[in-house]
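Colleague: just need the structure, nothing else, for what follows:
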Amino acid sequence: MSLLTRSNDALNVNPPVGNRHLTVHGSDWLWAVCAIYTFSFLVVVGLTFVARQGERIFHYLFTIALFTGAIAYFAMASDLGSVAIHIADNLSSPGYREIFYARYINWFVGWTPLIIALGLISGVSWATIAFNVALSWTWVASWLSGAMTATNYKWGFFAYGTFAYFLLAASFFHSGLPTAKRLGIQGHYTMLAGWTVFLWLLYPIAYGLDDGGNKITVTDGFVFFGILDVLLIPVVAFGIIVLSSRWDYRSLNLYFTQYGRVAQGADLVEREKAAPVAAEPAVANTV
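Modeller: Numbering: from 1, shown residues only. The predicted structure is shown next:
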């Protein structure tokens, strides 16, 4: 037998559910995406050890995003993390479709570090960052609810989730651009946020054809979403890490010490060396 001969037994070990399900070729594609995420994760972890102290925040964030994606795609390539949902609106092909909830777990967890990273770059407040993260959670949770719904009421969840996306996109530009401009990083932020928002705009189309409308096969849906996921997290991760080498972390208020995020002009050396000593209150002798 040739040493190059290989086989993908994932669907034999973990049989698909439903009559519209993942195929072997689809599993092969998911293994390829898993490899991309895993390789990107290992590269970012390696770069973390050579990054300068206090300038590793983006390495930490995208380590989590890429690690989550690698695990999720491992599960989906193995034909795990799915359930069979009755097809509601495709009478020409009745039955049950295999819906992968692992996809939504990946978005729920993996998009959070991305949103935090863009928020830190733009210089918006922590309240705005928390608001943006909550919007992404609302978006993904709504779509997951729709994917698990066996009736046409799924489109209500789709509408709510898509509206959360538009609010998130508006926040990126309405709140993020003015602060990025004040920090002198408007060009880089516009490029990164614009790329992210543009790719996110394609997700509703993919969802409408795949888990929502059941107009394409499960494998075709994974090809669509897999391309979008690779262009989003790994590409933006390396884009930010490469561009960040040109940034002044202190002027952007991105320099982190053991005391947290340090603002421009702070005496970093003294703050690192000085131990916080709480002065004991003087007690008056009233006797």
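Colleague: sticking with the spatially most central residue of the chain, tell me its helix or strand.
Modeller: The chain has Trp111 as the residue nearest its centroid, 2.0 Å off, counting by CA atoms, centre = their mean. Assigned by DSSP states H and E, Trp111 belongs to helix 101-122.
Colleague: now do the following helix or strand past that helix, average pLDDT.
Modeller: Toward the C-terminus, helix 101-122 is succeeded by helix 126-147 as the next helix or strand (DSSP H and E). Taken as a whole, helix 126-147 has an average pLDDT of 96.
Colleague: for helix 126-147, packing partners?
Modeller: helix 101-122, helix 154-174 (3 or more CB pairs under 8 Å, 6 or more residues apart in numbering; DSSP states H and E). Any C-beta I mention is one placed from the backbone N, CA and C, and that applies to glycine too.
Colleague: just the angle between the last one and helix 101-122, please?
Modeller: Right, the one you point to is helix 154-174. 20 degrees (axes from the mean of the first three to the mean of the last three CA atoms, to 10 degrees).
Colleague: can you list contacts of helix 154-174?
Modeller: With contact meaning CB atoms under 8 Å, 6 or more residues apart in numbering, helix 154-174 is reached by 88, 115, 118, 122, 128, 131-132, 135-136, 138-143, 145-147, 149, 193, 196-197, 200-201, 203-204, 207-208, 212.
Colleague: among these, which ones are buried?
Modeller: 88, 115, 118, 122, 128, 131-132, 135-136, 138-143, 145-147, 149, 193, 196-197, 200, 203-204, 207-208, 212 (16 or more other CB atoms under 10 Å).
Colleague: helix or strand with the lowest mean pLDDT in this structure?
Modeller: Here the helix or strand of the chain ranked lowest by mean pLDDT, DSSP states H and E is helix 268-273, holding a mean of 47.
Colleague: who's in contact with the spatially closest residue to Met191 that is not a sequence neighbour?
Modeller: Spatial nearest neighbour of Met191, chain neighbours left out: Gly239 (7.9 Å); criterion: CB to CB, 6 or more residues apart in numbering. By CB under 8 Å, 6+ apart, Gly239 lies in contact with Met191, Leu192, Trp195.
Colleague: now the helix or strand where the last one lies: mean pLDDT?
Modeller: Think Trp195. Taking DSSP H and E as the criterion, Trp195 maps to helix 186-207. Across helix 186-207, pLDDT averages out at 96.
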